[in-house]
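Trainee: sequence first, predicted model second:
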Amino acid sequence: MTRDPAEGVDAAGYLVTGAGLTNVPPAYRPVIADCVAALTAFPELDGLYLYGSVATGRARPPDSDLDLLALWTSTVDASATVAALSARHAAVVREVGLAEAGVDSLAEEADRCFLKHYCVPLAGRDRRADLPRCRPSRQLAIGFAGDLPALLRSIVDRAPTQEVAARKVARRLLLGVATIESASHGGWTTDRATGAALLAEHHPQWTDVAARAVQMSAGAPGDVADLLALGGWLVRDRE
């Protein structure tokens, strides 16, 4: 787990995080430079951003992913480029991950807040300056989770192995657990362990599933069926 100690709510009620270029550990700077060079070769790139544990300074090589967000002006297939980056830097990062969206994707509050507070600009246009600061809420947390059941199922369908599917499903599920549970009880966090603890405290019927999800997010093998069920309950079926 790579909890960001700066994440939370400030005295004025706005969301804050520790994401910043000055917090990037030195080991990752050459990897980021290579990613920037590779992805700015696409003329469709509007902006490239860094987020996640590398952006907050909590990453530890070689076990952490390097998470990037690309905003495109038109559809691009950058999968081969990203796979090559992952292979080239396997000694430093577990994987180079690229989340992708069109430049018109900022209509939703959750997308704007994620870009504003969690992303660090690396190349291209920086759209964050035009976005307002965000106040955490359960509605925002639901937006962060998105259509969680569909997202988790798509991860399973795309993953090359069951081990990869288990890790990615667990990580994505626990992010939703953390934001929704913390916002439901007056706070804000994306920390997976904290989210699992909140879920166990307030909804003990999911304690065992949440504990397994934490283990799977760290690489332990496991069946994703219960995790998918929890994802559906979290955003659709909960009382």
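Mentor: Right, received. Where do you want to start?

Trainee: C-alpha from now on. contacts and neighbour counts both.
Mentor: Fine.

Trainee: show me where this structure has strands.
Mentor: 8-9, 15-16, 45-51, 66-72, 96-102, 120-124 (DSSP state E).

Trainee: format the CA atom coordinates belonging to the third one as CSV.
Mentor: It stands for strand 45-51. Provided in CSV are the C-alpha atoms of strand 45-51 (Å, rounded to 0.1, in the frame of the first residue of the first chain):
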residue,chain,number,x,y,z
LEU,A,45,-1.6,14.2,-27.8
ASP,A,46,-3.3,17.1,-26.1
GLY,A,47,-1.8,16.6,-22.7
LEU,A,48,0.1,14.0,-20.7
TYR,A,49,-0.2,13.7,-16.9
LEU,A,50,1.3,11.7,-14.1
TYR,A,51,-0.7,10.4,-11.2
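
Trainee: pLDDT of that strand, averaged?
Mentor: The pLDDT scores in strand 45-51 average 98.

Trainee: and G176, what does it touch?
Mentor: Counting by CA atoms under 8 Å, 6 or more residues apart in numbering, G176 makes contact with A141, I142, F144, A145, L148, T190, L234.

Trainee: and the buried ones among those, selectable in ChimeraX?
Mentor: To isolate the buried ones among those in ChimeraX, judged by 16 or more other CA atoms under 10 Å, type:
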select :141,142,144,145,148,190,234
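
Trainee: residues touching V224, list them.
Mentor: So V224 contacts A165, A166, V169, A170 (CA under 8 Å, 6+ apart).

Trainee: those residues in helices, which ones?
Mentor: Those of the contacts of V224 mapping onto helices are A165, A166, V169, A170, per DSSP state H.

Trainee: of these, buried ones?
Mentor: A165, A166, V169, A170.

Trainee: tell me how far the third one lies from Q139.
Mentor: For V169, the distance to Q139 under the criterion CA to CA, to the nearest Å works out to 22 Å.

Trainee: what's the answer for the first one, then?
Mentor: Separation of A165 from Q139 (CA to CA) stands at 28 Å.

Trainee: from what I see, W72 and L98 are in contact.
Mentor: No: with contact defined as CA atoms under 8 Å, W72 does not count as touching L98 (12.0 Å).
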